[in-house]
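Asks: Test case, fold it:
(one chain, ligands or ions: 1)
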Amino acid sequence: MAGFAGRLARCWYSGFLRSPLQVPALGLHVGGPAMQTSQKDFNNAVSQLKLLKEDPGNEVKLKLYALYKQEAARQNYVDLVSKLSASSESPSPEAPAADRKQPESDSLVVTSGDGITTIRLNRPTKKNALTTQMYHDIIAALQAASKDESPITVLTGSGDYFCSGNDLTNFTSLPAGGPEEMARSSAVLLRDFVNCFIDFPKPLVAVVNGPAVGISVTILGLFDVVYATDRATFHTPFSHLGQSPEGCSSYTFPKIMGSSKAAEMLLFGKKLTAQEACAQGLVTEVFPDSTFQKEVWARLKAYSKLPPNAMRISKQIIRDREKEKLHAVNAEESNVLRERWLSDECMNAIASFLSRKSKL
Ligand SMILES: CCCC/C=C/CC(=O)SCCNC(=O)CCNC(=O)[C@H](O)C(C)(C)COP(=O)(O)OP(=O)(O)OC[C@H]1O[C@@H](n2cnc3c(N)ncnc32)[C@H](O)[C@@H]1OP(=O)(O)O
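Replies: Coordinates of the predicted model:
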C-alpha cells in the first residue's frame with residue numbers, strides 16, 4: 001500500500017485538513033454551537049497533526065478523512081434541502097402516483113400507479129451516486145416490487161444524471177475490521193445487489209434520464225428494456241479507478257455488443273453516447289430529451305396493460321436459461337473486486353477523487 005500511503009499523505013497534508021467545516025448557506029458550523037466552542041481545539045488538532053513525526057498509517061488517515069468530511073452531517077443537510085425542494089415541486093403528470101411505504105432514506109423514492117412501480121434514485125446533488133444505504137434500499141424495493149400488483153417495474157433517476165455509480169465516499173467509512181472488512185462486506189453487498197437484478201421476475205425497464213457511470217451502466221445488461229434520453233452517456237471507467245467489471249458486465253457486455261466493443265468500454269473506459277449505446281444493443285431506444293419523459297411513460301403505461309402473467313412467463317423463459325451462469329459470473333466478479341478494492345491502484349484513484357484532484 002505504499003502508493004496509497006504516499007497519495008493519501010499528500011492529500012492529507014495539503015488539503016483535507018486545511019479549513020474547518022462550514023455550511024455557508026446557513027452561516028453555521030456543522031454540529032451547531034458545540035462545534036463552534038471546539039473550533040480552537042479543532043485548529044490545534046490540525047496543527048498537531050502536521051507536526052507528527054510518524055506516519056499514522058492508512059487506516060487512521062482514512063478515519064481522519066472521514067471525520068473531516070463529516071459526511072453524515074453534510075448528507076443530512078443535502079437530504080433536508082432535497083426534501084424541501086421536492087415538497088415544493090408539483091409532481092410530474094407522467095409519473096405514477098405514490099401509494100406505498102417509502103425506503104429508509106430519502107435518497108430512494110418508490111411509487112406505484114398505472115400498473116408501474118417506479119424506483120427513483122433521488123440524490124440529485126450528488127448525481128445520484130449510490131450510498132451503502134441506497135444499495136440496501138434498492139434491494140428491498142426490488143424484493144417488494146417482485147411481489148406487488150404492478151406488471152412493470154422501472155428504475156430511473158432524479159435531476160440531470162441517471163446515476164454516477166458507486167459513491168466513492170463509501171470507502172471512507174472504515175469498519176472495525178479495517179480495509180479488509182470493508183472490502184469483504186462491500187463484495188457481499190455487491191453480490192446481493194446484483195443477484196436481485198438477475199432474479200427479478202417481472203419486466204424491468206431502465207428509464208435513463210441522463211449520464212450513467214459505473215455500476216449503473218453495467219446492471220443495464222440485466223434489464224429487459226433500456227430507454228434513454230439523447231443526453232445520456234454510458235461510462236465504465238473501471239481501469240481508471242483501478243477496479244474491474246461488475247453487474248455481470250464481463251459476461252453480458254460481450255454477449256450484447258461483441259467482445260471488442262465490450263473491451264473498449266470495460267478495459268479502456270470508452271464513454272458511449274446514447275446513440276452509440278443503442279447501436280451496440282445496450283440501449284433499446286433513444287428519445288429526444290425534450291419529449292423523453294412524456295413519450296417513455298406513455299409507452300410504459302400502454303405496455304403495463306398487457307396480460308401480466310404472459311409477460312412474466314415470457315421473461316422467465318428467456319432468463320432461466322442464463323440464471324445459473326449469471327449467478328456464477330456475479331460471484332466471481334464480486335470476489336475479484338474484493339481484491340481490487342485493496343489494491344494501490346484503486347486506493348490511489350479514490351484518494352485522488354476525494355481530494356478533488358480528479359474527475360472522470
Ligand atoms: C457495493 C459496492 C459496489 C461498487 C461497484 C461500483 C463501481 C462503480 O460504480 S465505479 C464508478 C464510480 N463513480 C465515479 O467514479 C464517478 C465520480 N464522479 C465524477 O467523476 C463526477 O462527479 C461526475 C463526472 C459524475 C460529475 O461531474 P460534475 O458534473 O462536474 O459534477 P460534480 O463532480 O461537481 O458532482 C456533484 C457532487 O456529486 C459528487 N459526486 C458525484 N459522483 C460521485 C460519486 N460517484 N461518489 C461520490 N461523490 C460523487 C461530487 O463529489 C460533487 O460533490 P460536492 O463537491 O460535495 O458538491
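Asks: Return the backbone torsion pair for the closest residue to the ligand within the chain.
Replies: Of all residues in the chain, residue 214 sits closest to the ligand, at 2.2 Å by CB to the nearest ligand atom. From N, CA and C alone the C-beta is placed, and that goes for glycine too. Per-residue torsions, residue 214: phi 60, psi -130 (degrees, to the nearest 10).
Asks: I'd guessed it sits against residue 162; true?
Replies: No. If you go by CB atoms under 8 Å, residue 214 and residue 162 don't touch, sitting 11.0 Å apart.
Asks: and the two? which has more neighbours close in?
Replies: residue 162 (30 against 24; other CB atoms under 10 Å).
Asks: That one reaches residue 219, doesn't it?
Replies: No. Using CB under 8 Å, residue 162 makes no contact with residue 219, being 11.1 Å away.
Asks: which residues does residue 322 contact?
Replies: Not one residue lies near residue 322 by CB atoms under 8 Å, 6 or more residues apart in numbering.
Asks: after the helix or strand hosting it, next one along is what?
Replies: Under the criterion of DSSP states H and E, residue 322 resides in helix 308-340. Once the chain leaves helix 308-340, the next helix or strand it forms, by DSSP H and E, is helix 344-354.
Asks: Chain neighbours aside, what residue packs nearest to the residue of the chain closest to the ligand?
Replies: What sits nearest to residue 214 in space, not counting adjacent residues and going by CB to CB, 6 or more residues apart in numbering, is residue 165, at 2.5 Å.
Asks: What number of residues are in the vicinity of the one you found?
Replies: Residue 165 has 24 neighbouring residues, counting by other CB under 10 Å.
Asks: residues in the stretch 151-300 of the chain within reach of the ligand, list them.
Replies: 164-169, 186, 189-190, 213-215, 241, 243, 246 (CB under 6 Å from any ligand atom).
Asks: my read: residue 104 touches residue 137, true?
Replies: Yes. Judged on CB under 8 Å, residue 104 makes contact with residue 137 at a distance of 5.7 Å.
Asks: More neighbours: the two, which one.
Replies: More neighbours surround residue 137 than the other of residue 104 and residue 137, with 23 against 11 (other CB under 10 Å).
Asks: quick one: contacts for that one?
Replies: Per CB under 8 Å, 6+ apart, neighbours of residue 137: 103, 104, 105, 107, 108.
Asks: Give me the nearest residue to it, chain neighbours excluded.
Replies: Distances taken as CB to CB, 6+ apart place residue 103 nearest to residue 137, at 3.7 Å, with adjacent residues excluded.
Asks: Quick one: low-confidence residue ranges for the stretch 151-300 of the chain.
Replies: Residue ranges of the stretch 151-300 of the chain with pLDDT under 70: none are present.
Asks: can you map out the helices along it?
Replies: 178-199, 215-218, 249-257, 259-266, 274-279, 292-303 (DSSP state H, counting those that start in this stretch).
Asks: the inter-axis angle of the last one versus helix 308-340?
Replies: Between the axis of helix 292-303 and that of helix 308-340 there is an angle of 130 degrees, by axes from the mean of the first three to the mean of the last three CA atoms, to 10 degrees.
Asks: now helix 292-303, how far from the chain's geometric center?
Replies: 25 Å (CA atoms, centre = their mean, to the nearest Å).
Asks: Pull the residues that contact that helix.
Replies: 92, 94-95, 114-116, 152, 154, 203, 205, 207, 209, 227, 229-230, 287.
Asks: Now do residue 177: how many residues are near it, please.
Replies: 11.
Asks: Distance check, the residue lying closest to it once chain neighbours are set aside against residue 106.
Replies: In this structure, residue 177 finds its nearest non-sequential neighbour in residue 184, 7.6 Å apart by CB to CB, 6+ apart. Counting by CB to CB, to the nearest Å, the gap from residue 184 to residue 106 is 29 Å.
Asks: Residue 120 - that's part of a strand, no?
Replies: Yes. Residue 120: assigned to a strand according to DSSP: H, G, I helix; E, B strand; the rest coil.
Asks: Across the sheet, point out what pairs with it.
Replies: Under DSSP bridges, the beta-bridge partners of residue 120 are residue 109, residue 156.
Asks: isn't it right next to residue 159, touching?
Replies: No. Here residue 120 lies out of contact with residue 159, judged by CB under 8 Å, at a distance of 10.2 Å.
Asks: Neighbour count: the two, which is higher?
Replies: Each of residue 120 and residue 159 has its neighbours counted (other CB under 10 Å); residue 120 has more, 19 against 16.
Asks: circling back: dump the residue contacts of the residue nearest to residue 137.
Replies: When contacts are counted by CB under 8 Å, 6+ apart, residue 103 touches 109, 110, 137, 140, 141.
Asks: Now do the same for it: helix, strand or coil?
Replies: Quick answer, by three-state DSSP: residue 103 is coil.
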